[in-house]
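Peer 1: Return atomic coordinates for the entry below.
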Amino acid sequence: MSPLLLAALAQSIVPVATPSESGGDPCTTFESAPTSQAEALPMSIAELAEIADIGSPVPGSPPAFGISPDRKRIAVLVSRGNPAENHYCQRLLVMPISGQGIPVELARGGAFIADDYSLRDFSFVQAGWPRPNPPRWSPDGTLIAFLRREEGRTQVWLVDPDGNAPPRRATDLADDIDTFAWAADGRGLIVASRPGIHAAAQAIAEEGSSGFLYDERFAPQLADRPIPTGEVTTRYTFVSLFEGYTRVATAEERAMLAPLRPGKTSTTATMWRTGTQDRLAWIEPKEPEQILSPTRLVIADPDGRRRVCSRSECEGIFELWWSSDGTSLMALQRTGWARSRTALLRWDNEEALPQRVFETDDVIAGCHSAGREAICTREGSTRPIRIVAFNLRSGAQRIVYDPNPQLAGTRWGEVRRLRFRNAYGVESFADLVLPPGHRAGERLPMVVAGYSSRGFLRGGTGDDVPIQPLAARGFAVLSFARPGFLPAVREARSEIETRTLLEEPWADRRSVLSSLEMAIELAVGSGAVDQRRIGITGFSDGGASAQFALINSDLFAAASFTTCCEDSGSFALVAGPRFTDYLRAMGYPYFDGPADAFWQPMSLLRNVENIDTPMLILAADSEYEAALDVWETYRHRGKAIEMRVFPGETHYRWQPAHRLATYRWQIDWFSFWLAHQWDCSAARMPQYARWLAFPDAPERSDLHCYPPASTAP
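Peer 2: Here you go, the predicted model:
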């Protein structure tokens with residue numbers, strides 16, 4: 001029998017099983033845990049993996065909570081990963097807006113509701129982050145509605161905010177519900193769904209009986225069959241809660257979920273908010289044809305007068321809302337060095353220009369008005385997300401709800417913000433995180449995480465580098481923020497032009513590397529970092545930046561990737577025809593004459609002889625194929641490389657067990673290569689047997705056991 005036939009048969013008989021599940025309540029673990037630490041300890045990877053979250057991590061998502069009509073209570077869905085169960089503890093809580101009193105649990109359970117997004121012309125790609133799901137109060141405040149996923153279906157559920165009745169399902173549509181709103185009279189719901197997704201999937205399934213045509217609908221790293229393309233129409237349905245019927249939503253009802261652009265705004269307005277007395281505010285680009293155009297803020301008053309703020313002080317606004325009394329427009333703005341700070345602006349109705357209430361390095365988002373306050377989420381470099389209230393005049397803050405009281409006594413590593421301008425003149429920043437109790441003059445190994453460094457420094461973009469646990473292990477961590485675009489592309493009219501307007505094909509990557517090198521220079525110059533022991537990590541765009549850095553610098557002694565690798569071979573094949581055509585339009589050649597010279601500065605394959613950096617690849621099973629040529633080439637040349645593949649994962653890792661495992665692999669890998677430490681438990685010895693066999697591995701006699709379990713993260 002031929003090897004090819006044997007391989008084909010093997011694919012049909014290889015057993016596939018899912019990990020065993022206990023079937024228990026994933027919240028039980030947290031109920032028996034203490035609400036705060038008995039003594040101040042550094043953060044462990046288990047604590048990091050079990051941090052409670054609210055809302056979606058995607059910028060621009062709706063507020064993560066709902067405020068009752070009487071402005072006295074808040075409802076919020078809290079999600080906490082349980083790696084042991086590989087599930088999420090999900091709880092709907094209600095609490096006083098005053099911040100006094102104990103939150104009351106109204107509902108728990110339900111499966112993780114993954115968000116999705118359109119990608120180029122693909123209609124539907126599943127994301128690894130949760131779908132925005134703010135609880136919504138009925139107009140009379142007697143019910144709270146929220147999305148819940150049970151038995152593979154996402155529907156709207158209702159619960160009594162006083163806890164007098166258990167939650168119940170309110171809708172029974174054939175398709176998953178994406179979002180919803182209450183009808184004005186509270187007697188029904190307007191829900192949005194996309195039946196076209198199922199219809200397209202069914203058509204593709206039927207096509208499979210005669211074999212799929214391999215065309216631009218394929219992206220092998222996402223699916224082994226065509227992906228639906230084109231726009232999918234949203235269906236808006238009214239669901240009666242008392243008469244038990246459904247009907248097509250009216251235009252007025254649809255506008256509650258998909259508001260029409262008000263006639264007073266400009267045709268280029270990207271965000272608009274209606275206030276009292278027919279006031280209207282919006283954001284519009286100063287140069288509409290430029291996709292990177294700076295913006296201006298506009299208010300249209302009832303008398304027809306327009307107030308416009310075109311100053312730089314009004315650029316970078318990403319959120320707008322009106323105060324409860326309608327006398328002030330409020331805005332959140334990214335400002336300061338490299339847009340690294342957040343400011344709260346207030347524009348009073350009788351004022352010509354807005355005033356800045358306060359400015360901070362923290363990330364603030366998802367604001368609601370509540371009397372003289374704005375209720376928002378806030379997170380800082382060493383403070384996970386919380387719900388806070390800001391006085392709209394003074395900016396004074398009070399805590400409304402902290403979903404992570406168990407972290408109150410955590411010993412956080414010190415965070416130092418580094419600000420600098422790279423060799424191309426682009427403002428840049430990074431955060432240097434040092435171990436708790438770090439002694440001045442002690443030089444540490446350092447790991448670079450990226451490619452954003454805003455808000456809580458949890459795990460970098462992708463949440464796969466355990467920043468605080470690494471610091472607790474004695475590492476410095478450089479949380480590196482990717483710099484903005486080069487000045488040459490400021491007039492770009494399309495995403496393709498952001499690349500083709502550059503004089504040199506890899507100018508953007510060189511700009512990123514310039515910022516990274518300067519950040520490392522500042523970190524080393526602080527006296528806290530050993531320049532001979534620096535590691536780098538990479539996820540998504542950060543993976544491409546790390547890859548470019550390995551080839552074009554000699555700074556790094558170890559590397560890990562959770563997305564790899566961008567090259568002219570496997571990367572082009574697994575991305576599929578649509579993506580490679582798109583990249584060709586941006587100037588990337590594949591499989592033709594100019595490819596070798598073009599890819600030389602970026603290709604791990606073409607630089608295999610020059611790279612001896614140990615590389616760990618922690619890949620989703622939907623993406624590992626892009627690394628196969630690199631893995632095989634480096635393995636064949638005797639290089640230090642290892643790859644692990646995580647099943648059922650998307651680009652952004654979502655399973656709690658995989659997140660915890662990724663944290664552990666990152667710590668083990670960098671501890672082995674940069675600190676000559678290892679986990680001496682018998683269960684971990686097989687991995688070290690492999691690593692000790694790699695070239696330039698430390699001698700066994702030079703390795704030291706991790707600290708005892710009682711003190712180790």
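
Peer 1: All the strands of the stretch 101-250 of the chain, residue numbers only.
Peer 2: Here the stretch 101-250 of the chain has its strands, by DSSP state E, counting those that start in this stretch, at 104-108, 114-119, 122-130, 136-137, 144-150, 153-159, 168-169, 177-182, 188-193, 235-240, 246-248.

Peer 1: How many residues are close by Ala258?
Peer 2: 11 (other Cβ atoms under 10 Å). From N, CA and C alone the C-beta is placed, and that goes for glycine too.

Peer 1: Same question for Gly527.
Peer 2: By other Cβ under 10 Å, neighbour count at Gly527 equals 10.

Peer 1: any idea how far Leu147 is from the residue lying closest to it once chain neighbours are set aside?
Peer 2: Taking Cβ to Cβ, 6 or more residues apart in numbering, and ignoring the residues beside it in sequence, Gly527 has Gly441 as its nearest neighbour in space, at 5.9 Å. Taking Cβ to Cβ, to the nearest Å as the criterion, Gly441 is separated from Leu147 by 53 Å.

Peer 1: swap in Ala449?
Peer 2: Between Ala449 and Leu147 the distance is 32 Å, computed by Cβ to Cβ.

Peer 1: More neighbours: which of these two?
Peer 2: For Ala449 versus Leu147, neighbours defined as other Cβ under 10 Å are more numerous around Ala449 (31 against 24).

Peer 1: quick one, phi/psi of that one?
Peer 2: phi -120, psi 150 (degrees, to the nearest 10).

Peer 1: doesn't Val465 make contact with it?
Peer 2: Yes - with contact defined as Cβ atoms under 8 Å, Ala449 reaches Val465; the gap is 3.9 Å.

Peer 1: Overlap of the contact sets of these two?
Peer 2: Taking Cβ atoms under 8 Å, 6 or more residues apart in numbering as the contact criterion, the residues that touch both Ala449 and Val465 are 459, 477, 537.

Peer 1: In the sheet, which residues pair with the second one? Tell me.
Peer 2: Yep, that's Val477 we're talking about. Beta-bridge pairing of Val477, defined through DSSP bridges, involves Val433, Val447.

Peer 1: After the worst-scoring helix or strand of the chain on mean pLDDT, which helix or strand is next?
Peer 2: The helix or strand of the chain with the lowest confidence, counting by mean pLDDT, DSSP states H and E, is helix 3-13 at a mean of 43. Sequence order places helix 28-31 as the next helix or strand after helix 3-13, per DSSP states H and E.

Peer 1: Show me what that next one is packed against.
Peer 2: Packing partners of helix 28-31 (3 or more Cβ pairs under 8 Å, 6 or more residues apart in numbering; DSSP states H and E): strand 73-82.

Peer 1: Strand 104-108 and the next helix or strand after the strand it packs on, what's the angle between them?
Peer 2: Sequence-wise, the next helix or strand beyond strand 73-82 is strand 87-96, with elements assigned using DSSP H and E. Interaxial angle, strand 87-96 versus strand 104-108 (axes from the mean of the first three to the mean of the last three Cα atoms, to 10 degrees): 150 degrees.

Peer 1: So what are the sheet partners of strand 87-96 and their directions?
Peer 2: Taking DSSP bridges as the criterion, strand 87-96 forms sheet pairs with strand 73-82 (antiparallel), strand 104-108 (antiparallel).

Peer 1: Could you quantify the relative orientation of the shortest one and strand 153-159 as an angle?
Peer 2: Angle of strand 104-108 versus strand 153-159, following the same axes, to 10 degrees, is 150 degrees.

Peer 1: any idea how far Phe548 is from Phe571?
Peer 2: Relative to Phe571, Phe548 is positioned 14 Å away (criterion: Cβ to Cβ).

Peer 1: Check which helix or strand Ala597 maps to.
Peer 2: Secondary structure here is read from DSSP H and E; on that basis Ala597 sits in helix 595-599.

Peer 1: For that helix, buried residues please.
Peer 2: Counting neighbours by 16 or more other Cβ atoms under 10 Å, one finds that the buried residues in helix 595-599 are 595, 598-599.

Peer 1: same thing with stretch 135-148?
Peer 2: For stretch 135-148, by 16+ other Cβ under 10 Å, it's 135-138, 143-148.

Peer 1: Low-confidence bits of this protein, can you list those?
Peer 2: Along the chain, segments meeting pLDDT under 70 span 1-23, 33-38, 708-713.

Peer 1: tell me how far the ends of stretch 208-225 are from each other?
Peer 2: Looking at stretch 208-225, the gap from its leading to its trailing residue is 8 Å under the measure Cα to Cα, to the nearest Å.

Peer 1: Kindly report the same for stretch 289-302.
Peer 2: End to end - Cα to Cα - stretch 289-302 spans 30 Å.

Peer 1: swap in stretch 551-558?
Peer 2: 13 Å.

Peer 1: do the same with stretch 572-588
Peer 2: Between the opening and closing residues of stretch 572-588 there is a gap of 10 Å (Cα to Cα).

Peer 1: Can you mark which positions in it are buried?
Peer 2: Buried residues in stretch 572-588, counting neighbours by 16+ other Cβ under 10 Å, are found at 572-576, 578-580, 582-583, 588.

Peer 1: possible to save the residues you listed as CSV with secondary structure?
Peer 2: Conversion of the buried residues of stretch 572-588 to CSV gives the following (DSSP: H, G, I helix; E, B strand; the rest coil):
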residue, secondary structure
Ala572, helix
Leu573, helix
Val574, helix
Ala575, helix
Gly576, coil
Arg578, helix
Phe579, helix
Thr580, helix
Tyr582, helix
Leu583, helix
Tyr588, coil
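
Peer 1: Rebuild these as CSV, extending it with distance to Glu105.
Peer 2: Below are the buried residues of stretch 572-588 laid out as CSV (distance: Cβ to Cβ, whole Å):
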residue, distance to Glu105
Ala572, 50
Leu573, 49
Val574, 44
Ala575, 44
Gly576, 45
Arg578, 46
Phe579, 45
Thr580, 50
Tyr582, 47
Leu583, 49
Tyr588, 52
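
Peer 1: which one of these sits closest to Leu392?
Peer 2: Proximity of the buried residues of stretch 572-588 to Leu392, judged by Cβ to Cβ, is greatest for Tyr582, which lies at 44.7 Å.

Peer 1: who's in contact with the closest one?
Peer 2: Applying Cβ under 8 Å, 6+ apart, one finds that Tyr582 lies in contact with 120, 496.

Peer 1: how close does it sit to Arg509?
Peer 2: 18 Å.

Peer 1: Over to Ser394?
Peer 2: To Arg509, Ser394 is 45 Å away according to Cβ to Cβ.

Peer 1: Name the residue in those two with the higher neighbour count.
Peer 2: More neighbours sit around Arg509 than around the other of Ser394 and Arg509, counting by other Cβ under 10 Å; the figures are 21 against 10.

Peer 1: Quick check: chain neighbours aside, which residue is closest to that one?
Peer 2: The spatially closest residue to Arg509, leaving aside those adjacent along the chain, is Phe548, at 4.4 Å (Cβ to Cβ, 6+ apart).

Peer 1: Pull the number of nearby residues for the one you found.
Peer 2: 23.

Peer 1: how about it, phi and psi?
Peer 2: Backbone phi and psi, for Phe548 under degrees, to the nearest 10, turn out to be phi -60, psi -40.
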